[in-house]
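Enquirer: Everything below, folded, please.
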Amino acid sequence: MNQREFYEQLTKIRKIASVKEPKALEKALEAEVSAVVLSTGNIGIIKRYVDLYRSHRTPVFLHLERIGGISHDKEGIAFLAHYVKPDGIVTTRNSVIKLAKLQGLLTIQRLFLVDSDSIKSGLQSVQETQPDAIEIMPALLPEFIALYREQVDIPIIAGGLIRERTQMIQALQYGAVAVSMGNHQLWKENLTDGTDFMPALRP
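Expert: Alright, predicted model coming up:
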């Protein structure tokens, strides 16, 4: 999957399934989602998980800080790109974003907004690394979704602490291109039913 195809998926469906335990693997296949982010597994089993989603043509990303046994250096990311073969990775680390881009992987940079310093440093990070998308956490800070949208021309994903449809809708109305949730019941929600959102991506 290339960047254009990824953006089309985000714009079309607007939901990302965050899979945090093996028993949720199949549930993500039962829902229509833009992509799956795997936050479970280890070096011995993760290729099997990735192959499962690829066989169903579901874009799959690995949250590297949650996958055991994979080093975050040049060799580790090369192994990931050429053997495991996910569509991309999710990470908080600037260095990993840069290495993954060199290996042709799509990149989502996760930012935790906990205070004014983290907001400023997050903006500086993404302006330096230019990931394919940004994930802002927690999602329940819509005014900062709007702030980031004004400052960077990179698609924004809202994730974390989403418990109901209204929170999903609010994040999209403030400019997120998609929402990411671990609650498999929310994966089934229809977010393309005519609800008025900001344009998912800038012209």
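
Enquirer: OK, contacts around the closest residue in space to Glu128 that isn't next to it in sequence?
Expert: If the residues on either side of it in the chain are set aside, Glu128 comes closest to Asn94, at 6.4 Å by CB to CB, 6 or more residues apart in numbering. Backbone N, C-alpha and C define where each C-beta goes, glycine included. Applying CB atoms under 8 Å, 6 or more residues apart in numbering, we find Asn94 in contact with Gln109, Ser125, Glu128, Thr129.

Enquirer: since we're on the closest residue to the first one other than its chain neighbours, how many residues are nearby?
Expert: For Gln109, ignoring the flanking residues on the chain, the nearest one in space by CB to CB, 6+ apart is Pro131 at 4.1 Å. Here the neighbour count serves as a burial measure; for Pro131 (other CB atoms under 10 Å) it reads 26.

Enquirer: Got the phi and psi for Leu106?
Expert: In this entry, Leu106 is assigned phi and psi values of phi -70, psi 150 (degrees, to the nearest 10).

Enquirer: thought it was touching Val90?
Expert: No. Between Leu106 and Val90 there is no contact under CB atoms under 8 Å: 9.7 Å.

Enquirer: Using PDB, list the CA coordinates for the helix ranked longest in the chain.
Expert: As far as residue count goes, and with DSSP state H defining each element, the longest helix of the chain is helix 116-129. Extracted as PDB, the C-alpha positions of helix 116-129 are listed here (Å, rounded to 0.1, in the frame of the first residue of the first chain):
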ATOM      1  CA  SER A 116       1.900  22.600  26.900                       C
ATOM      2  CA  ASP A 117       5.500  21.400  26.500                       C
ATOM      3  CA  SER A 118       4.300  18.100  24.900                       C
ATOM      4  CA  ILE A 119       2.100  20.000  22.500                       C
ATOM      5  CA  LYS A 120       5.100  22.200  21.400                       C
ATOM      6  CA  SER A 121       7.600  19.300  21.200                       C
ATOM      7  CA  GLY A 122       5.100  17.200  19.300                       C
ATOM      8  CA  LEU A 123       4.700  19.900  16.600                       C
ATOM      9  CA  GLN A 124       8.500  20.100  16.400                       C
ATOM     10  CA  SER A 125       8.800  16.400  16.000                       C
ATOM     11  CA  VAL A 126       6.400  15.900  13.200                       C
ATOM     12  CA  GLN A 127       7.700  18.900  11.300                       C
ATOM     13  CA  GLU A 128      11.100  17.200  11.500                       C
ATOM     14  CA  THR A 129      10.100  13.700  10.700                       C
END
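
Enquirer: If you count contacts, what does that helix end up packed against?
Expert: Taking 3 or more CB pairs under 8 Å, 6 or more residues apart in numbering; DSSP states H and E as the contact definition, the neighbouring helices and strands of helix 116-129 are helix 94-102, strand 106-112, helix 142-151.

Enquirer: Looking at the ones you listed, spot the one closest to Glu30.
Expert: Glu30 lies closest, by CB to CB, to one member of those: strand 106-112, at 23.1 Å.
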